[in-house]
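Trainee: the sequence and its predicted three-dimensional model are supplied below.
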Amino acid sequence: MKSNMSEPARPYIRMNGAGNAFIVVQAFEQPFHPTADQVRALADPAAGLGGFDQLIGIEPSETADAFMRVWNADGSMVQTCGNALRCVGWLMLEATDKEEVVIDTLSGPTTARRASLPSGRVGSGSPPGLTTAAQTQSRVGSGDPAGSTTAAQHQVTVDMGAPRLEWDQVPLSEEMDTRGIELQVGPIDAPVLHTPGAVSMGNPHVVFFTDRQDDAFVRGSGSLVERHPLFPEGVNVGFAHVLSPDHIRLRVWERGAGLTLACGTGACAALVAAARRGLTGRKAVVTVDGGQLTIEWDQATNHVFMTGPVQVEGAGFLPEA
Ligand SMILES: N[C@H](CCC[C@H](N)C(=O)O)C(=O)O
């Protein structure tokens with residue numbers, strides 16, 4: 001977004017994490033503070049960016065390799081985003097050649113590392129790391145915006161830290177046992193919506209255990225629960241079908257973004273909620289619409305580790321404000 005004609009157009013990289021769609025903007029040299037209206041305008045397909053679930057700004061940090069700022073498509077600025085942490089983590093790993101990078105967020109710092117080296121970088125060209133805006137622009141100008149890595153997928157592991165499990169950490173508006181909360185979901189009287197688990201991964205999640213995951217049910221129930229008064233900050237709504245002690249099928253109606261192809265913090269919340277109920281062990285594959293995430297709630301550290309794919313889809317320039 002240019003504030004005046006003298007400023008160059010703002011480059012971005014389009015990425016996804018297991019299908020969770022992001023527009024990533026480098027804000028190391030030039031601050032990036034879109035208003036909620038501007039974020040909504042950018043999320044509108046008419047903006048030409050292809051729509052996104054979250055808009056991501058990568059800022060300098062005194063205490064980490066970068067600070068990651070997250071806006072949902074509805075314009076709300078939120079605490080964190082697990083799949084974006086993996087995407088930004090990969091960009092920073094490529095740009096710094098470090099084995100591990102620290103990405104700070106409004107809900108605290110996380111660390112990212114390569115889960116396994118990609119099967120060789122496809123073609124030549126520098127990786128879409130966080131080079132200078134000019135280098136990004138030149139690469140974008142070259143029509144090969146993200147080097148030749150757009151076809152490759154990269155597996156990245158993020159240490160998401162410890163889950164927050166107290167009612168006032170989720171947060172809920174009243175004291176409850178977060179292992180199984182009492183929630184009346186409007187006119188929808190479906191037993192599958194009883195006693196979901198509630199977990200914060202730095203952002204609020206409620207997880208229903210059900211085999212009902214059709215679009216109509218997920219959209220209908222998710223949109224009702226997202227703004228339920230029991231969740232004063234709103235909530236991401238997961239629908240988890242436990243297939244076995246180490247495999248969950250998950251769909252998530254995201255706060256501020258709706259039904260997405262994947263939700264990283266949602267996958268972490270689903271594993272933690274299921275393990276607390278003895279429905280799974282502390283490690284499981286979580287199959288989401290856009291792919292698979294491996295989640296482990298480590299006993300020794302109490303930290304949740306998420307591993308999954310990262311893909312660079314392309315790059316471009318943001319439209320003018
Ligand atoms: N909608 C979420 C933010 C993005 C979470 C999701 N995309 C992820 O990968 O964790 C919220 O409002 O808390």
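Mentor: Right, received. Where do you want to start?
Trainee: what does the stretch 1-150 of the chain put close to the ligand?
Mentor: 20, 53, 54, 70, 72, 78, 81, 82, 83 (Cβ under 6 Å from any ligand atom). The C-beta positions use only the backbone N, C-alpha and C, and glycine is treated the same way.
Trainee: tell me the confidence at the first one?
Mentor: Confidence at residue 20, expressed as pLDDT, is 98.
Trainee: likewise for the second one?
Mentor: Residue 53 is assigned 98 on the pLDDT scale.
Trainee: now the last one
Mentor: At residue 83, the predicted lDDT confidence score is 98.
Trainee: a helix runs through it, doesn't it?
Mentor: Yes - looking at residue 83 with DSSP: H, G, I helix; E, B strand; the rest coil, it is inside a helix.
Trainee: what sits closest to it if chain neighbours are left out?
Mentor: The shortest distance from residue 83 to any non-neighbouring residue, by Cβ to Cβ, 6 or more residues apart in numbering, is to residue 17 (3.0 Å).
Trainee: residue 274: neighbour count?
Mentor: By the criterion of other Cβ atoms under 10 Å, residue 274 has 25 neighbours.
Trainee: these two touch, right, it and residue 196?
Mentor: No - using Cβ atoms under 8 Å, residue 274 is not in contact with residue 196, being 11.1 Å away.
Trainee: name the residues contacting each of those two.
Mentor: Common contacts of residue 274 and residue 196 (Cβ atoms under 8 Å, 6 or more residues apart in numbering): 207, 209.
Trainee: and the average pLDDT for stretch 182-199 is what?
Mentor: The average pLDDT for stretch 182-199 rounds to 77.
Trainee: next, the distance between the ends of it.
Mentor: Terminal residues of stretch 182-199 are spaced 14 Å apart (Cα to Cα, to the nearest Å).
Trainee: for stretch 23-31, same thing?
Mentor: Using Cα to Cα, one end of stretch 23-31 lies 16 Å from the other.
Trainee: for residue 54, phi and psi?
Mentor: phi -140, psi 150 (degrees, to the nearest 10).
Trainee: from residue 163, how far out is it?
Mentor: In this view, residue 54 and residue 163 are 21 Å apart by Cβ to Cβ, to the nearest Å.
Trainee: low-confidence stretches in the stretch 201-321 of the chain?
Mentor: Applying pLDDT under 70 to the stretch 201-321 of the chain flags the ranges 321.
Trainee: re the thing from before, between the residues of the stretch 1-150 of the chain next to the ligand, which is nearest residue 300?
Mentor: residue 82 (21.0 Å; Cβ to Cβ).
Trainee: contacts only, for that closest one.
Mentor: Neighbour list for residue 82: 17, 158, 160, 201, 263, 264, 265, 266, 267, 268, 306 [criterion: Cβ under 8 Å, 6+ apart].
Trainee: pretty sure the second one is in a strand, no?
Mentor: Think residue 158. Yes - under three-state DSSP, residue 158 falls within a strand.
Trainee: is it in contact with residue 87, as I believe?
Mentor: No - judged on Cβ under 8 Å, residue 158 makes no contact with residue 87 at a distance of 9.9 Å.
Trainee: check the gap between residue 294 and residue 236 for me.
Mentor: From residue 294 to residue 236 the distance is 20 Å (Cβ to Cβ).
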